[in-house]
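Enquirer: Dropping a prediction and its sequence here:
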Amino acid sequence: MEHRTRINNRLLAALPPADLDLLVPHFRTVPLERDAVLVRSEDEIQRIYFPLGGLIAFIMDMPNGQTVATAVVGNEGAAGMLTALGPARSPMTSVVRVAGTALQISPARFQAALGRSNALKATVQTFTRSLLVQFQHVAACNALHSVEARLARWLLHVHDRVDGDVLPLTQETLAEFLGVRRTTVTHVVSKLRASGAIRSNRRSSIEIDRPRLEAAACECYQLMRRRIEQAGLSAGIKPPGHSRPVDNPHAQTPLFAKAGEVRRRTRTHGGIGQRPRGH
């Protein structure tokens with residue numbers, strides 16, 4: 001079956017066509033519904049998800065019932081990749097926080113392809129490094145920086161992975177990002193709004209001013225982004241400002257390209273996960 005190698009997931013787009021072909025027949029395009037739990041902590045990982053749009057948060061569940069986010073992933077990564085090392089139980093809960101779609105594959109199918117592709121192994125290593133960067137910086141940031149700076153950083157992480165300046169985030173999600181009570185979230189959002197970093201906030205969305213939000217964030221945001229992009233370069237994933245011309249069907253878009261930009265390019269050249277016309 002012939003198909004284009006353009007695909008609106010950064011990790012998969014970095015694969016050579018022959019290596020991507022090992023996976024394509026086994027992909028299913030599935031919806032990522034907001035607040036859907038993809039896998040719970042300690043459950044066996046039965047599916048790997050490569051987001052084409054939307055955002056997945058990795059959540060630590062504490063014994064006292066509290067939860068806190070440790071990382072987020074959009075179309076630059078995957079959820080369930082731990083199974084690349086073999087059958088595994090998830091150390092975290094994976095929850096969809098911004099709706100979208102994903103390519104889904106079983107761990108067995110993925111492991112079979114992994115055994116035949118050095119490029120795929122390198123891609124898994126790249127993603128593992130970038131995720132580790134997030135884990136390490138989030139831990140340090142939580143210990144050293146103010147709640148306001150940390151919320152600004154999380155909002156920038158989300159903005160990198162979704163379209164537009166209105167972020168579909170609830171108060172509960174923000175509390176989960178920060179590991180604080182909702183009353184604290186209300187106070188912090190009010191402070192960021194007073195500074196102009198947040199233009200407006202409703203029950204389930206926040207409109208941001210990107211330049212002012214960057215000014216309010218701690219240095220962790222730029223450092224994390226830079227290091228994740230450096231990890232992406234080793235797999236051929238181009239960072240922002242260095243993408244190849246759009247008229248090349250095998251060109252790769254920036255690591256944190258907006259979902260709409262990726263969709264526009266994919267519509268131009270075709271791609272996995274694209275609906276046929278008339279549907």
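Expert: Received the coordinates, thanks. Being a predicted model, the structure only gives us computed values, none of them experimental. Numbering: from 1, shown residues only.

Enquirer: Give the residue spans of the stretch 101-250 of the chain that score low on pLDDT.
Expert: Scanning the stretch 101-250 of the chain with the threshold set as pLDDT under 70 gives 231-250.

Enquirer: the helices in it, which residues?
Expert: 107-114, 118-144, 147-161, 171-178, 182-195, 210-216, 220-233 (DSSP state H, counting those that start in this stretch).

Enquirer: Can you say which of the ones you listed is packed in most?
Expert: Neighbour counts averaged per stretch over the helices of the stretch 101-250 of the chain are highest for helix 147-161, at a mean of 22; criterion: mean count of other C-beta atoms under 10 Å. Placement of C-beta: from N, CA and C, glycine included.

Enquirer: ok so, going back, and the helices of the stretch 101-250 of the chain as CSV, adding distance to residue 69?
Expert: CSV is the format used below for these (distance: least, C-beta to C-beta, whole Å):
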stretch, distance to residue 69
helix 107-114, 24
helix 118-144, 8
helix 147-161, 8
helix 171-178, 5
helix 182-195, 13
helix 210-216, 18
helix 220-233, 14
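
Enquirer: and of those helices, who's closest to residue 63?
Expert: Residue 63 sits nearest to helix 171-178 of all those, at 16.6 Å, using C-beta to C-beta.

Enquirer: Only the buried residues of stretch 63-83, if you could.
Expert: Buried residues in stretch 63-83, defined by neighbour count with 16 or more other C-beta atoms under 10 Å: 67-83.

Enquirer: Which pLDDT does the model give the closest residue to residue 76 other than its chain neighbours?
Expert: For residue 76, ignoring the flanking residues on the chain, the nearest one in space by C-beta to C-beta, 6 or more residues apart in numbering is residue 10 at 4.1 Å. pLDDT, residue 10: 87.

Enquirer: Tell me, how many residues neighbour residue 10?
Expert: When neighbours are defined as other C-beta atoms under 10 Å, residue 10 has 29 of them.

Enquirer: Next: the one 5 residues further on.
Expert: Residue 15 is flanked by 23 other residues according to other C-beta under 10 Å.

Enquirer: and the residue nearest to it when sequence neighbours are not counted, how far is that from residue 160?
Expert: Spatial nearest neighbour of residue 15, excluding adjacent residues (C-beta to C-beta, 6+ apart): residue 119 at 5.5 Å. Remark: distance between residue 119 and residue 160 (C-beta to C-beta, to the nearest Å) = 25 Å.

Enquirer: My understanding was that residue 225 contacts residue 160; is that so?
Expert: Yes. Contact criterion C-beta atoms under 8 Å: residue 225 and residue 160 qualify, at 7.4 Å.

Enquirer: ok, now which ones touch the closest residue to residue 161 other than its chain neighbours?
Expert: Distances taken as C-beta to C-beta, 6+ apart put residue 74 closest to residue 161, at 3.0 Å, once the chain neighbours are dropped. If a contact means C-beta atoms under 8 Å, 6 or more residues apart in numbering, then residue 74 has 51, 53, 54, 55, 56, 98, 100, 160, 161, 162, 259 as its contacts.

Enquirer: just residue 196 next, same as before
Expert: Neighbour list for residue 196: 209, 212 [criterion: C-beta under 8 Å, 6+ apart].

Enquirer: Figure out which of the helices of the stretch 101-250 of the chain is closest to residue 33.
Expert: Closest approach to residue 33 among the helices of the stretch 101-250 of the chain (C-beta to C-beta): helix 171-178, 14.3 Å.

Enquirer: packing partners for the closest one?
Expert: strand 55-61, strand 67-73, helix 147-161, helix 182-195 (3 or more C-beta pairs under 8 Å, 6 or more residues apart in numbering; DSSP states H and E).

Enquirer: Serialize those to JSON lines and add fields for distance to residue 30.
Expert: Formatted as JSON lines, the helices and strands packed on helix 171-178 follow (distance: least, C-beta to C-beta, whole Å):
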{"stretch": "strand 55-61", "distance to residue 30": "12"}
{"stretch": "strand 67-73", "distance to residue 30": "16"}
{"stretch": "helix 147-161", "distance to residue 30": "18"}
{"stretch": "helix 182-195", "distance to residue 30": "31"}
